[in-house]
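**Q** got a predicted model here, sequence first, then my questions.
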Amino acid sequence: MKKKIFVLVLLCGFCGIFASSAFSAGTSGGEFLKIGVGERAIGMGGAFSSIADNVTAIYWNPAGLTQLKMREFSVMHLNYLVDIKSEYLSYAHPLGRYGTLGSQLALLISHHSRRDDFGNEIGDFYNYEGVFSLAWGRAISKNLSLGLTLKTIYTQLDNDKTSNLAFDFGGLYKSPIEGINLSFVLQNIATGLKFTQDEEPVSPDFKVGISYSAPSPSPSPIKGEGTKGKGRGFILATDMNFYKIGKPNISLGSEYSFVPPVLKNTKVSARLGYIQKPSSTLGGLTGLTAGFGLEHKNKNFDYAFVPFGDLGNTHRFSFSLKF
């Protein structure tokens, strides 16, 4: 046990040193990489790196892929702010003792009006930002898993195009105290995005997380395994995020799950989260997140509500299937 904890601390220290060297001053590109995916995680304020128990682990913490016991597919649609739309697809495939492979595609599309020097509209154009990822996670012991994600980033701003490679590295440790998980993730390590006129470095993110999970009800227990987590269950989680530019912030999340008596094969989950926004001037409920989920057999529907104060509110929907 001491050896496992030492390995985790050593890896966290390595990532911290790597992150400190990568986190230099300057302007930041690739901000679209920070738009989270998966409405369960978003409803919990993005405090998901130490949970990461579904296909969106590809984004939040690739080490969490080792928790998947079945193949899983997920789709997401988001009407973002100011006529910006986002689409997301992901798939994960467990390979037994060889770990779990996953892939995802995320696109961000925005529409703009083209104007002349006098402000007259003379046409329109679209900006495209996207990332395609391949991820792999594997357990190296009963309690410790590691994961790696490789990304291809593509950006088109009007007629100016660029692309680059990036990677994530994460770890997930299930402590001897039942229900408590610890995590670390180093995200978006890349050299930068080179446009025609200039180059924008990609902003990396280093995070550490901890969560506590009480037994969760299972609406469709597998024959012979009994009912997992009879009654109700809940999760409390937090992530500490360290960015290249700006101060560190904290994400907090919670989830309460139960099986209604009238819906014996459906698990209902309610979620609430908070993302610290120390410099936000948007007002309103900015920073708070909320959502709910419905799980029926191997199908999940999730919804998340994220307010942005004066800019408006966003409503996010996702669907996932296990098979």
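**A** Now that the structure is in, tell me what you want to look at.

**Q** starting at the chain centroid, how far to stretch 151-170?
**A** Its chain's average C-alpha position is 18 Å from that of stretch 151-170, according to Cα atoms, centre = their mean, to the nearest Å.

**Q** pLDDT on that stretch, on average?
**A** Mean pLDDT, computed over stretch 151-170, is 85.

**Q** first-to-last residue distance for it?
**A** By Cα to Cα, to the nearest Å, the extent of stretch 151-170 from end to end equals 14 Å.

**Q** repeat that for stretch 48-57.
**A** 9 Å.

**Q** so how far is it from its chain's centroid?
**A** The answer for stretch 48-57 is 7 Å, by Cα atoms, centre = their mean.

**Q** cool, stretch 143-161 as well?
**A** 13 Å.

**Q** of all the residues in it, which ones are buried?
**A** 143-147, 149, 151, 153, 155, 157 (16 or more other Cβ atoms under 10 Å). Where you see a C-beta, it was placed from the backbone N, CA and C, and this is true even at glycine.

**Q** I'd like the residues you listed as JSON lines, with secondary structure appended.
**A** Compiled in JSON lines, these are given as follows (DSSP: H, G, I helix; E, B strand; the rest coil):
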{"residue": "Asn143", "secondary structure": "coil"}
{"residue": "Leu144", "secondary structure": "strand"}
{"residue": "Ser145", "secondary structure": "strand"}
{"residue": "Leu146", "secondary structure": "strand"}
{"residue": "Gly147", "secondary structure": "strand"}
{"residue": "Thr149", "secondary structure": "strand"}
{"residue": "Lys151", "secondary structure": "strand"}
{"residue": "Ile153", "secondary structure": "strand"}
{"residue": "Thr155", "secondary structure": "strand"}
{"residue": "Leu157", "secondary structure": "strand"}
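
**Q** tell me the contacts of Glu121?
**A** 113-115 (Cβ atoms under 8 Å, 6 or more residues apart in numbering).

**Q** same check on Arg271?
**A** 40, 43-44, 253-256, 289-293, 304.

**Q** nearest residue to it other than its sequence neighbours?
**A** If you skip the residues right next to it in sequence, Arg271 has Gly43 as its closest partner in space, 3.6 Å away by Cβ to Cβ, 6 or more residues apart in numbering.

**Q** distance check, the one you found against Leu182.
**A** Distance, Gly43 to Leu182, using Cβ to Cβ, to the nearest Å: 22 Å.

**Q** out of the contacts of Arg271, which is most surrounded?
**A** Most neighbours among those, by other Cβ atoms under 10 Å: Met44, with 31 neighbours.

**Q** the spatially closest residue to it that is not a sequence neighbour pairs with what?
**A** In this structure, Met44 finds its nearest non-sequential neighbour in Gly253, 2.9 Å apart by Cβ to Cβ, 6+ apart. Bridge pairing for Gly253 (DSSP bridges) gives the partners Ala237, Gly273.

**Q** I'd like the distance between Gly253 and Asp158.
**A** 37 Å.

**Q** count of neighbours near Ala214?
**A** So Ala214, with other Cβ under 10 Å, has 15 neighbours.

**Q** apologies, that question was intended for Phe118.
**A** Phe118: 6 neighbours (other Cβ under 10 Å).

**Q** where does this protein have its least confident helix or strand?
**A** helix 2-22 (a mean of 41; mean pLDDT, DSSP states H and E).

**Q** only alpha carbons, please: show the very next helix or strand once past it as PDB.
**A** Next helix or strand after helix 2-22 toward the C-terminus (DSSP states H and E): helix 39-43. The C-alpha atoms that make up helix 39-43 are tabulated as PDB, following Å, rounded to 0.1, in the frame of the first residue of the first chain:
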ATOM      1  CA  GLU A  39     -23.800  16.700 -19.200                       C
ATOM      2  CA  ARG A  40     -23.400  14.600 -16.100                       C
ATOM      3  CA  ALA A  41     -20.000  16.200 -15.500                       C
ATOM      4  CA  ILE A  42     -21.100  19.700 -16.500                       C
ATOM      5  CA  GLY A  43     -24.100  19.500 -14.100                       C
END
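
**Q** centre of the chain versus helix 39-43, how much separation?
**A** 8 Å.

**Q** over to stretch 247-262?
**A** Worked out by Cα atoms, centre = their mean, stretch 247-262 lies 15 Å from the chain centre.

**Q** over to stretch 33-43?
**A** 5 Å.

**Q** let's have the chain start at 11 instead
**A** Sure thing, new numbering starts at 11, so read that last one as stretch 43-53.

**Q** so for it, what gets flagged as buried?
**A** Buried-residue list, stretch 43-53, by 16+ other Cβ under 10 Å: 43, 45-53.

**Q** now it: mean pLDDT?
**A** 89.

**Q** ok, now stretch 274-291?
**A** Here the average pLDDT along stretch 274-291 is 82.
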